[in-house]
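Q: predicted model follows, preceded by the sequence.
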Amino acid sequence: MHMPAVAECTAESCAYNNDHTCHALAITVGQQTDARCDTFTTAAERGGDPAATGHVGACTMSDCRHNIDLECQAPSITVGQQQDIVDCLTYQPA
């Protein structure tokens, strides 16, 4: 199964973000009512693999048009700030 890449992340305060690129090996998206990036975290040091680009490992947003069996089927996603929350901006209700 294809794991969609995080094409861009504008959550600059995330420990996995370096120059708008996610370096977590896999992220999880979704919390009951919004497409929040559950992998978002702040820390003094940067995390992840600097040679890797993040991918969507799991998505619990079953009402998203890109979601099949809790797996994201979008070609890639964008993650960014929406008010005070870091969300999957590719999320689209089915």
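A: Okay, I see it. Remember, it's a predicted structure, so these values are computed and weren't measured experimentally.
Q: quick one: low-confidence ranges for this structure?
A: Along the chain, no part satisfies pLDDT under 70.
Q: let's go with 80 and repeat that
A: Within the chain, the stretches with pLDDT under 80 are 1, 32.
Q: out of everything not next to it in sequence, what's closest to residue 21?
A: Residue nearest to residue 21 in three dimensions, not counting chain neighbours: residue 53, with 6.2 Å by CB to CB, 6 or more residues apart in numbering. Backbone N, C-alpha and C define where each C-beta goes, glycine included.
Q: next: residue 74.
A: Of all residues not flanking residue 74 in the chain, residue 66 sits nearest, at 4.0 Å (CB to CB, 6+ apart).
Q: and the one you found, how far is that from residue 4?
A: Computed as CB to CB, to the nearest Å, the residue 66 to residue 4 distance reads 8 Å.
Q: give the intersection of the neighbour lists for the two.
A: 72-74 (CB atoms under 8 Å, 6 or more residues apart in numbering).
Q: okay, now residue 45: neighbour count?
A: Neighbourhood size, residue 45 [other CB atoms under 10 Å]: 5.
Q: for this structure, which segments count as strands?
A: 5-9, 17-18, 21-22, 26-31, 34-37, 55-59, 67-68, 71-72, 76-82, 85-88 (DSSP state E).
Q: export those to JSON lines and tack on mean neighbour count and distance to residue 45?
A: JSON lines is the format used below for the strands of the chain (neighbours: other CB atoms under 10 Å; distance: least, CB to CB, whole Å):
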{"stretch": "strand 5-9", "mean neighbour count": "21", "distance to residue 45": "17"}
{"stretch": "strand 17-18", "mean neighbour count": "20", "distance to residue 45": "11"}
{"stretch": "strand 21-22", "mean neighbour count": "22", "distance to residue 45": "16"}
{"stretch": "strand 26-31", "mean neighbour count": "20", "distance to residue 45": "18"}
{"stretch": "strand 34-37", "mean neighbour count": "22", "distance to residue 45": "19"}
{"stretch": "strand 55-59", "mean neighbour count": "21", "distance to residue 45": "22"}
{"stretch": "strand 67-68", "mean neighbour count": "17", "distance to residue 45": "33"}
{"stretch": "strand 71-72", "mean neighbour count": "21", "distance to residue 45": "28"}
{"stretch": "strand 76-82", "mean neighbour count": "19", "distance to residue 45": "20"}
{"stretch": "strand 85-88", "mean neighbour count": "22", "distance to residue 45": "19"}
